[in-house]
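# Predicted model, plus sequence, below.
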Amino acid sequence: MSIHEFAPLRNDLLLRAARGEKVERPPMWVMRQAGRYLPEYNQAKGNRDFFAVCRDPESASTITLQPVERYAGLLDAAIIFSDILVIPQAMGMTVEMLENKGPHFPNPLRDPNSPEFEQVVTKEVDVKKELGYVFEAITLTRKKLEGRVPLIGFVGAPWTLMSYMIEGGGSKIFHFVKGWIFKHPEESKRLLQRVAEICVDFLVEQVVAGAQFIQVFDSWAGELSPHDFAIFSLPYLKYISHNLPIRLKALGIEPVLMTVFAKGAWYAFDTLCESGYQTVGLDWTHDPAEACKIANGRVTLQGNMDPNVLYGGRKAITENVERMLEGFKGAKGRHIINLGHGITPFVDPEDLKHFFEECHRVGNTLYSSKKIYVQGR
Ligand SMILES: Cc1c2[nH]c(c1CCC(=O)O)Cc1[nH]c(c(CCC(=O)O)c1C)Cc1[nH]c(c(CCC(=O)O)c1C)Cc1[nH]c(c(C)c1CCC(=O)O)C2
């Protein structure tokens with residue numbers, strides 16, 4: 001519920017599956033579904049800077065809707081077109097998106113005793129002022145969606161954002177951020193806590209603006225050992241899941257359904273089932289049947305086909321869809337179909353369509369047969 005008047009939701013499969021209610025077939029969406037594999041995305045973006053497009057609510061809403069329109073009747077959710085790195089920007093850091101190279105911070109945080117660090121960690125961040133364009137894009141997208149499917153909002157998890165802020169971009173060895181957590185654990189925690197607070201502020205306003213479901217992306221969780229994940233990631237994921245509903249309640253808004261996607265942190269899966277999120281996202285290194293056993297009905301599972309199967313042709317896609325959905329039977333209807341990570345730029349949009357169609361075909365068959373016991377209310 002938000003303060004805006006929007007058309008009633010006509011497809012609530014995603015929300016029902018996340019709540020563990022009865023569904024006719026598993027809902028689906030894919031991470032990065034609005035992106036470079038779509039020719040219409042490249043056209044809408046043109047040669048503009050990536051973040052300039054994010055800051056333009058009209059363009060961001062158009063791009064968000066592109067996959068919903070192309071795959072009408074197949075996709076069960078939209079995810080707002082934006083980026084996890086808008087939080088470091090709101091904290092005063094410069095972030096550029098280099099063509100075909102990814103994000104780049106010209107002045108990453110390297111020294112916890114520097115005035116630059118102090119400035120970032122103590123800056124008062126008014127999310128309405130700094131990130132108002134995201135909220136405008138969400139409200140505009142909800143209007144344009146006219147209730148076709150729910151709209152997902154998101155943030156980057158504190159650990160993943162801290163990694164970017166310190167590394168200054170993508171990394172293979174995580175030299176600097178690992179240096180921080182082992183040399184400067186207290187300063188690291190101070191930064192993580194500050195980022196977590198801003199994540200909550202940001203998510204509150206996304207829900208007020210009209211986001212109906214939230215995902216927290218901890219894309220670099222798998223870089224941590226189980227021991228370090230428990231110290232430098234989990235407490236901040238829990239801070240978000242604990243505080244967001246409290247803050248929404250204070251505003252008279254119902255709690256929002258939340259997913260945590262901690263890529264690579266399969267070792268923490270059991271713990272994540274108890275971390276206050278209704279849905280846990282799985283990457284493709286999880287065996288679905290095994291994950292169902294561990295989750296044991298505590299949460300809804302989201303995932304998890306290897307996105308690169310989409311490069312393997314139609315036959316491989318069909319086989320993998322069948323195997324994935326067969327594997328998730330043990331979720332008893334508490335499953336949202338997704339890829340195990342974001343879709344990549346060279347995927348043929350028609351192959352993704354085949355993936356969706358096969359998910360419908362297999363999902364409908366499995367859920368209508370007696371093979372799946374769907375939890376109902
Ligand atoms: C780590 C991360 C980022 N951004 C995001 C994550 C978490 C998900 C994940 O682990 O993949 C999240 C994200 N980024 C984007 C979205 C939009 C919504 C959607 O999923 O469709 C979402 C949810 C758009 C984007 N974010 C980016 C693009 C491509 C940039 C372009 O168009 O030039 C898009 C469509 C750029 C981006 N943004 C980021 C990277 C590493 C890159 C470069 C890698 C790449 O090029 O794919 C940071």
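Everything's here; your move.
# Confirm that F261 sits in a strand.
Yes: membership of F261 in a strand is supported by DSSP: H, G, I helix; E, B strand; the rest coil.
# and it, what does it touch?
M31, Q215, V216, F217, D218, S219, V280, G281, D283, Q302 (Cβ atoms under 8 Å, 6 or more residues apart in numbering). The C-beta positions use only the backbone N, C-alpha and C, and glycine is treated the same way.
# What score does the third one have for pLDDT?
What that stands for is V216. V216 carries a pLDDT value of 98.
# For it, identify the helix or strand it belongs to.
Taking DSSP states H and E as the criterion, V216 maps to strand 213-218.
# export that strand as CSV, just CAs?
Extracted C-alpha coordinates of strand 213-218, given in CSV (Å, rounded to 0.1, in the frame of the first residue of the first chain):
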residue,chain,number,x,y,z
PHE,A,213,8.3,-6.2,-3.5
ILE,A,214,11.9,-5.7,-2.5
GLN,A,215,15.1,-7.4,-3.4
VAL,A,216,18.4,-7.0,-1.6
PHE,A,217,21.4,-7.9,-3.8
ASP,A,218,24.4,-9.2,-2.0
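# now for that strand, which elements pack on it?
If you count contacts as 3 or more Cβ pairs under 8 Å, 6 or more residues apart in numbering; DSSP states H and E, strand 213-218 packs onto helix 13-19, strand 151-156, helix 158-167, helix 185-209, helix 234-250, strand 257-262.
# In a markdown table: the ones you listed, plus distance to E357.
Shown next, in a markdown table, are the helices and strands packed on strand 213-218 (distance: least, Cβ to Cβ, whole Å):
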| stretch | distance to E357 |
| --- | --- |
| helix 13-19 | 16 |
| strand 151-156 | 22 |
| helix 158-167 | 33 |
| helix 185-209 | 31 |
| helix 234-250 | 34 |
| strand 257-262 | 24 |
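# And the closest residue to the ligand within the stretch 101-250 of the chain, how close does it get to F51?
When scored by Cβ to the nearest ligand atom, the stretch 101-250 of the chain has S219 as its residue closest to the ligand, at 3.1 Å. S219 sits 18 Å away from F51, going by Cβ to Cβ, to the nearest Å.
# how about low-confidence regions in the stretch 1-150 of the chain?
1-2 (pLDDT under 70).
# for the ligand, what are the nearby residues on it?
Counting by Cβ under 6 Å from any ligand atom, the stretch 1-150 of the chain comes close to the ligand at 31-36, 45, 50, 79, 81-85, 97, 102-103.
# Can I get the buried part of those as one ChimeraX selection?
This is how ChimeraX selects the buried members of those, with burial counted by 16 or more other Cβ atoms under 10 Å:
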select :31,32,33,34,35,45,50,79,81,82,83,84,85,97,103
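# so of the residues of the stretch 1-150 of the chain next to the ligand, which ones are in helices?
Those of these mapping onto helices are K45, F50, per DSSP state H.
# which ones among the residues of the stretch 1-150 of the chain next to the ligand are found in strands?
Secondary structure defined by DSSP state E assigns I79, M97, G102, P103 of those to strands.
# Spatially, which residue comes closest to the third one, not counting chain neighbours?
So that's G102. Nearest residue to G102, sequence neighbours excluded (Cβ to Cβ, 6 or more residues apart in numbering): G170, at 5.1 Å.
# I'd like the distance between that neighbour and F202.
In terms of Cβ to Cβ, G170 sits 22 Å off from F202.
# name the element G363 belongs to?
Counting by DSSP H and E, G363 is part of helix 349-368.
# Could you confirm whether any residue of that helix contacts the ligand?
No: using Cβ under 6 Å from any ligand atom, helix 349-368 stays clear of the ligand, coming no nearer than 12.3 Å.
# Going by neighbour count, list what's buried in that helix.
Buried, per 16+ other Cβ under 10 Å, within helix 349-368: 349, 351-352, 354-360, 362-363, 366-367.
# before we move on, what about stretch 135-144?
Residues F135, E136, A137, I138, T139, L140, T141, R142, K144 are the ones in stretch 135-144 that count as buried (16+ other Cβ under 10 Å).
# what does stretch 115-134 give?
Quick answer for stretch 115-134 (16+ other Cβ under 10 Å): F117, V120, V121, V125, V127, E130, L131, V134.
# now stretch 310-323
Those would be L310, I317, T318, N320, V321, E322, for stretch 310-323 by 16+ other Cβ under 10 Å.
# Contacts only, for K238.
Contacts of K238 by Cβ under 8 Å, 6+ apart are S275, G276.
# go on, A262?
Applying Cβ under 8 Å, 6+ apart, the residues near A262 are A157, D218, A221, G222, F229, S233, L237, A268, L272, G281.
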